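Visitor: Quick one: sequence plus predicted model below, questions after.
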Number of protein chains: 2
Amino acid sequence: MPTIRDVAREAGVSISTVSLVLRQPHRVSEHTRVRVEEVIRTLNFRPNGTARDLRVRKSGTVGVFLRNLSGPYYSELIGGIEQVATSLCLTPIVCGRSVHEEQGSLRLLRERRIDGAIVLDSGITLRELAQYAGPDLPVVVLNRTLPDPLASTYMTGVKIDDDGGGYQAGKHFIDQGFLHPAVITGPVEAEASQARQRGFFRAYAEHGIASTSVLVIHGDFTEESGAKAMETILNLNLAIDAVFSANDQMALGVLQVLDKHKMRVEQIAVMGFDDISLARYVQPALTTVHQPMFEVGSTAMELLGQAMQGKERIPPRTLATSVVIRSSTPKKPSSP
Amino acid sequence: MPTIRDVAREAGVSISTVSLVLRQPHRVSEHTRVRVEEVIRTLNFRPNGTARDLRVRKSGTVGVFLRNLSGPYYSELIGGIEQVATSLCLTPIVCGRSVHEEQGSLRLLRERRIDGAIVLDSGITLRELAQYAGPDLPVVVLNRTLPDPLASTYMTGVKIDDDGGGYQAGKHFIDQGFLHPAVITGPVEAEASQARQRGFFRAYAEHGIASTSVLVIHGDFTEESGAKAMETILNLNLAIDAVFSANDQMALGVLQVLDKHKMRVEQIAVMGFDDISLARYVQPALTTVHQPMFEVGSTAMELLGQAMQGKERIPPRTLATSVVIRSSTPKKPSSP
DNA sequence: ATTCGAAATCGAAACGATTCGATTCCTCAT
DNA sequence: ATGAGGAATCGAATCGTTTCGATTTCGAAT
């Protein structure tokens, strides 16, 4: 593979001239420029990006770290990131999380092969991120609450308003006339689902219904766990008229169990959270709380861009959710 | 940000010793090793990956180039790639395609910031790829037919057997008793859908039914185009009993139109191609030809790994598909 | 003590670009 | 012809590692 040196020799000019042709063509005379360009073409020379990165101390690349690439709404998120990144002349690269911590993709972050990072992976501790973040490598954390001391100079966050979303869900239930809900929440350690649940209860509290009278079951965000939770609920034989699930996948499990027991959403309504693409397609279509993932992505990239320009202590952002009403929460005939 | 030089000075050893501590700890005495490690920790020194890449002439990174990250089956593909990559101590990074050709993610490929590439994007010409591929940067192309001269020394491919899949689809239709099919195919320039259609017709030809008697309509792979094609077909008022769509998304459009016209798959059966995750969820669940995307990914990564070890002229692979029978192709009551 | 060999450490040369400041080359006005 | 001044080109330092070969150190064997 030819180097800039080969080009220089072949064209009978110095290395610096070749570099100038590449980066600041106006600074070199027409004559030598075409000559050098010709040699570049015949040798099929392409500058070595790594060498350039080393010299100029940046790569024009930002890393997007996801827990796994298979998440249902990542494509939207990435779309938002890409749109802004393009306008900033930055190339986003997406990394999943490989098992080996040492040899994993975090290497790119640790060894500063990238100029910035957007992290959506609850498996990476904020402490670790804070260690990697710096003036030349700011980090934006997604969907997590940054404790104030850790909202460090070079780190900020974007998240959706989980509590508000839960509140909207509760409101919607109440509007539709469901006064005896049950809740399927996520694992205890998942702060997002806790917040969703909290907001949900707040809506009911405002309506004079205490959270103590509402059944809560923990799932683990999977479809199966949602189904299992629903079976449990049905077995208890309580007089409930609706189920709020802390995410859509569990809600899908709920719908399946309902179907299996020949029950309809007119008896027990179902609502999810996230608005994954499937939600629109299942039968009955799932009412859910929409997460504006595209906007999360674009906002994150905007903040990252600012940080890369040198801005420090950027305050975290919280984005509003909205309820998407479909057919799984039909209005209850008003009681007489 | 401290460099290896700072560490050396602080620890009172030479640069080379620090490097040894990092890369070949056994080569340095216990005493200085702990000393150096201590300094590394207190300074929070992390070696600069870019410098290392430049020196050792590789990055331990392979690029995965996708048309857009939102494709329905990419997560499986990437899963397969990641699994093998991990076992090879390689980090896959996923790149979408940004609009600016020059400043886009292909930069990583062109400027050799990666050690290998897997490309699934029909928008990149084979000619261009062939230009970038080389002994230090082999390329595996997905889902494309490599013309023999271009199946270059450093380039190979993995694809699924589109023709075979089409044939399986045709076979299945015939088995179920559908002797009057219509076909919705992709754009003329999409070789994959052409092959699918060809295989489909081959099955019917073997059964004595000529392709000339079968209606073919072109779509553009989108749901809407599938719906539109189906409307057209219905308007023609032909005596058809099944529709084969060259991909699942168009088939979903077909199902919607069927539903809209209060028609059932018992009247006109529907079959897709790809087995996107939605296929299982729609009502009625879509019979389709399954693409083993995980296997495509793992195979691609295996071939890439071999190429990176120096193996040349690796023959392309073709992977078999299989029919997933769901409810959109119910068996026809046998005619008397 | 001396010597030998292995172990530990070090110096310096890469890797392939960019860029600053210096030098050379022109052109034109005097 | 000469000098000034700008344009074009060049040399050399630098980015932060790795690694080869050379040198030093050290303990054990003589």
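Guide: Perfect, I can see it now.
Visitor: Which of the three states applies to A:V158?
Guide: When classified by DSSP: H, G, I helix; E, B strand; the rest coil, A:V158 comes out as strand.
Visitor: since we're on it, how many residues are nearby?
Guide: The number of residues packed near A:V158 is 25, by other Cβ atoms under 10 Å in any protein chain shown. In this view, the C-beta of every residue, glycine as well, is placed from N, C-alpha and C.
Visitor: Help me confirm that it comes into contact with A:L142.
Guide: Yes - at 5.8 Å, A:V158 counts as touching A:L142 under the criterion of Cβ atoms under 8 Å.
Visitor: ok, which residues in the stretch 101-250 of chain A are in contact with chain B?
Guide: Within the stretch 101-250 of chain A, the residues that sit near chain B (Cβ under 8 Å from any Cβ of the partner chain) are A:103-105, A:107-108, A:110-113, A:131-132, A:134, A:136.
Visitor: Okay, and which of these map to helices?
Guide: A:107-108, A:110, A:131-132 (DSSP state H).
Visitor: top of those by neighbour count?
Guide: A:L108 (23 neighbours).
Visitor: which residues does that one contact?
Guide: With contact set as Cβ atoms under 8 Å, 6 or more residues apart in numbering or on different chains, A:L108 has these partners: A:63, A:93, A:95, A:114, B:49, B:61, B:91, B:93.
Visitor: Mind checking which of those residues land in helices?
Guide: Using DSSP H, B:G49 are the members of the contacts of A:L108 that sit in helices.
Visitor: Go through the contacts of A:L108 and name the one nearest A:P315.
Guide: Among those, A:G63 lies closest to A:P315 (Cβ to Cβ), at 22.6 Å.
Visitor: Give the bridge partners for that closest one, please.
Guide: A:I93, A:A117 (DSSP bridges).
Visitor: separation between it and B:D6?
Guide: The gap separating A:G63 from B:D6 is 25 Å, by Cβ to Cβ, to the nearest Å.
Visitor: Looking at these two, which is more packed in?
Guide: A:G63 (23 against 14).
Visitor: Help me confirm that the more buried one comes into contact with A:T91.
Guide: No - using Cβ under 8 Å, A:G63 makes no contact with A:T91, being 10.2 Å away.
Visitor: Look up how far DNA strand D lies from A:L108.
Guide: Computed with Cβ to the nearest atom of the strand, to the nearest Å, the distance linking A:L108 and DNA strand D is 15 Å.
Visitor: Quick check: that residue vs B:S19, distance?
Guide: 20 Å.
Visitor: got it, and A:D163?
Guide: For A:D163 relative to B:S19 (Cβ to Cβ), the value is 50 Å.
Visitor: if you skip the residues just before and after it, what's nearest to A:S14?
Guide: Nearest residue to A:S14, sequence neighbours excluded (Cβ to Cβ, 6 or more residues apart in numbering or on different chains): A:A8, at 5.9 Å.
Visitor: Would you confirm that that neighbour belongs to a strand?
Guide: No - per three-state DSSP, A:A8 lies outside any strand segment and is helix.
Visitor: ok, it - contacts?
Guide: Counting by Cβ under 8 Å, 6+ apart, A:A8 has contacts A:14-15, A:17-18.
Visitor: among those residues, which ones are buried?
Guide: Neighbour-count burial (16 or more other Cβ atoms under 10 Å in any protein chain shown) is assigned, among the contacts of A:A8, to A:17-18.
Visitor: could you redo the contacts of A:A8 as CSV and give each row distance to B:V296, pLDDT and secondary structure?
Guide: Shown next, in CSV, are the contacts of A:A8 (distance: Cβ to Cβ, whole Å; pLDDT from 0 to 100; DSSP: H, G, I helix; E, B strand; the rest coil):
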residue, distance to B:V296, pLDDT, secondary structure
A:S14, 48, 97, coil
A:I15, 44, 97, helix
A:T17, 46, 97, helix
A:V18, 41, 98, helix
